[in-house]
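# sequence and predicted model, in that order:
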Amino acid sequence: MEINSDRMILKKNKLLNTDECKRVHEDVVSLKKYWIAERKDFWNKDTKNELFLLGLPMYQSTDNFKLYFESLKQANKILYLHFGWLYKILIEFASGYIHNSISLNPQYSYPGFHIFIYNEAKIKCGSPHFDLQHLRLADAINAKINYSDSFTIILPITLPALGSSLVVWDFHFEEIQRQYKNEDSTILKSRDSLKHEYTVGEVIIISGLYCHQINSINCVTKEESRITLQCHCTFVNNQWILYW
């Protein structure tokens, strides 16, 4: 069966040129002392520390929002100092997509980066998932959030020579009976999927409410990396915010 991909990959657009991507890459590398090794419980058990984070993603903090809010100020300050110009480009693009005003909010984490680096073995990546951290946020701050008023933005900055992609299944969160539970792998086997091949500098908007997964990555030299800017846009307390 042919999938209506427009429901899952909502928009894609060339956002940064080669020089701009190089600038972002150099700044990400210069901030290596702030990289955080991704928690393995979010990823395949065989994964080593090939994945690092620059920034403070909310999905890592849904079990400890107190620490999340305490750590925000410093993380956001560092990110905005180096990537404020990039956020402005991203906000203009996202605002145009929804025809509404979008802004950063210092109460939430600013967009950050996934950083995959070289490993001799092919990396097995994260489990299939939905982007649901905004629902936990609603509980944490007693906010008014409609779970459907949210989308995810991914901007590739560097890619390995063999490329990298995102797999999206035709399986929506509305089909899940119990809130916050991961999808049943047996369901995914019966569903069609599509693979989106990333392009450096080309931003994509996806519905995080469709089950998706980073596809396997193969950085075959120490010079290769896969760096993507990651963020979400959600309608919180009557305003659209861009956060991670």
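Thanks, I have it.

# next SSE after the host helix or strand of Cys21?
Using DSSP states H and E, Cys21 falls within helix 18-30. As assigned by DSSP H and E, the chain's next helix or strand after helix 18-30 is strand 36-37.

# residues contacting that following strand, please?
49, 51-54 (Cβ atoms under 8 Å, 6 or more residues apart in numbering). C-betas here are computed from N, CA, C, even on glycine.

# just the ones of these in helices?
The helices, defined by DSSP state H, take in nothing from the contacts of strand 36-37.

# those helices in this protein, which residues are they?
Here the chain has its helices, by DSSP H, at 18-30, 65-98, 133-141, 185-189.

# name the residues of the longest one that are buried.
So that's helix 65-98. 68, 72, 75-76, 79, 82-83, 86-87, 90-91, 93-95, 97 (16 or more other Cβ atoms under 10 Å).

# quick check, nearest of those to Thr18?
Nearest to Thr18 among the buried residues of helix 65-98 is Leu86, at 14.7 Å by Cβ to Cβ.

# run through this protein and note the low-pLDDT ranges.
1-6, 39-49, 62, 119-125, 140, 147, 177-185, 216, 219-220 (pLDDT under 70).

# run the chain-centre distance for the biggest strand by length in the chain.
Scanning the chain for the longest strand, with DSSP state E as the assignment, gives strand 225-236. How far strand 225-236 lies from its chain's middle: 4 Å, per Cα atoms, centre = their mean, to the nearest Å.

# next, Lys144: phi, psi?
Here is the backbone geometry of Lys144 (degrees, to the nearest 10): phi -90, psi 110.

# the closest residue to it other than its chain neighbours: how many residues sit nearby?
Using Cβ to Cβ, 6 or more residues apart in numbering and skipping residues adjacent in sequence, the residue nearest Lys144 is Asn237, 5.8 Å away. Counted with other Cβ atoms under 10 Å, the neighbours of Asn237 add up to 12.
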